[in-house]
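Peer 1: got a structure for you, letters missing:
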Ligand code: SF4
């Protein structure tokens, strides 16, 4: 295998095909509610970078059932990961979060809980809750780092620094939680070397998984205005495959690659339009990996030196 895919990891761990069910916890985000900002990260859609929950509303059990009905057409018996995706899913008091998480984990077929959040939004009481739940079923925490570079972090209005990410990963790992870091390829003004540095840093940061995502320009994100003004180009498919290859080569062999490209809502996508054809994109990436003999870890350096 050229890289450690999420599917193979899930099969190893749970013994069968596992589907993610996207849930809407009804959260907001400090970059949206006025705490740090009101317009969100520059690339973030109005839905908080989560367009895949089948339905929303306070009843998580009903949301799970609706999401399962969509998958049920594809397969008779499956296991699931309950996935809180949109906005910042630890951004509420622990007593509000606990019933949501417990409802999501309750069905026997749900084998893990995955929670997308940011590293400045996991206070100690929420961490203690996550630990308690992790003793029942695996709890995965997804952190939206996107880049290690301060100028890019300021441009995207991320709202926390790299030291905050490092400290959070240390706390989560000390608590025994599995961590997955999100990285965006193609951020404006980033060079390939900068992207490879981010990948290598994530590889060394002690997390177990990574989601690699293409920068999408979405109609309802502020980035659309900058793009319309010609401030930056988006990536071609060929360039994206090349950059992905460079990142994967710099990740440790045992890191799970949760995603090779993002899933922006097609109706909301301005650029790059080629990314809407996911099947073609994945085929091209696999072909590029074959042609260039791409192997995860080929440029990974335990010493911490960037190759
Ligand atoms: S932290 Fe996440 S949810 Fe909040 S604005 Fe940024 S991308 Fe959107």
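Peer 2: Yep, it's here. These numbers were taken from a predicted model, which means no experiment stands behind them. Residues are numbered from 1 along each chain as shown.
Peer 1: Let me know how buried the residue of the stretch 51-200 of the chain found nearest the ligand is, in neighbour terms.
Peer 2: Closest residue of the stretch 51-200 of the chain to the ligand, C-beta to the nearest ligand atom: residue 87 (4.6 Å). Any C-beta I mention is one placed from the backbone N, CA and C, and that applies to glycine too. Counted with other C-beta atoms under 10 Å, the neighbours of residue 87 add up to 25.
Peer 1: likewise residue 161?
Peer 2: Residue 161: 15 neighbours (other C-beta under 10 Å).
Peer 1: which residues sit in contact with it?
Peer 2: Contact analysis of residue 161 by C-beta atoms under 8 Å, 6 or more residues apart in numbering lists 150, 153.
Peer 1: In this model residue 96 seems to touch residue 129, though I could be wrong.
Peer 2: No. Using C-beta atoms under 8 Å as the test, residue 129 is too far from residue 96 to be in contact (10.5 Å).
Peer 1: Compare these two (neighbour count), which wins?
Peer 2: With neighbours defined as other C-beta under 10 Å, residue 129 and residue 96 compare such that residue 129 has more, 21 against 12.
Peer 1: The ligand contacts on this protein?
Peer 2: Applying C-beta under 6 Å from any ligand atom, we find that the chain lies next to the ligand at 29, 31-32, 40-41, 44, 48-49, 87-88, 118, 144.
Peer 1: Most widely separated two among these?
Peer 2: Greatest spatial distance in these: 32 and 144, 13.3 Å, computed using C-beta to C-beta.
Peer 1: Between these two, which is the more surrounded one?
Peer 2: Neighbours were counted for residue 32 and for residue 144 using other C-beta under 10 Å; residue 144 has more, 23 against 20.
Peer 1: helices and strands around the helix or strand harbouring that one, which ones?
Peer 2: Assigned by DSSP states H and E, residue 144 belongs to strand 139-146. The helices and strands touching strand 139-146, judged by 3 or more C-beta pairs under 8 Å, 6 or more residues apart in numbering; DSSP states H and E, are strand 110-117, helix 124-134, helix 150-156, helix 162-174, strand 178-185.
Peer 1: Need these in JSON lines (columns: mean pLDDT and distance to residue 220).
Peer 2: As requested, the helices and strands packed on strand 139-146 are arranged in JSON lines below (pLDDT from 0 to 100; distance: least, C-beta to C-beta, whole Å):
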{"stretch": "strand 110-117", "mean pLDDT": "98", "distance to residue 220": "19"}
{"stretch": "helix 124-134", "mean pLDDT": "98", "distance to residue 220": "29"}
{"stretch": "helix 150-156", "mean pLDDT": "98", "distance to residue 220": "16"}
{"stretch": "helix 162-174", "mean pLDDT": "98", "distance to residue 220": "27"}
{"stretch": "strand 178-185", "mean pLDDT": "98", "distance to residue 220": "17"}
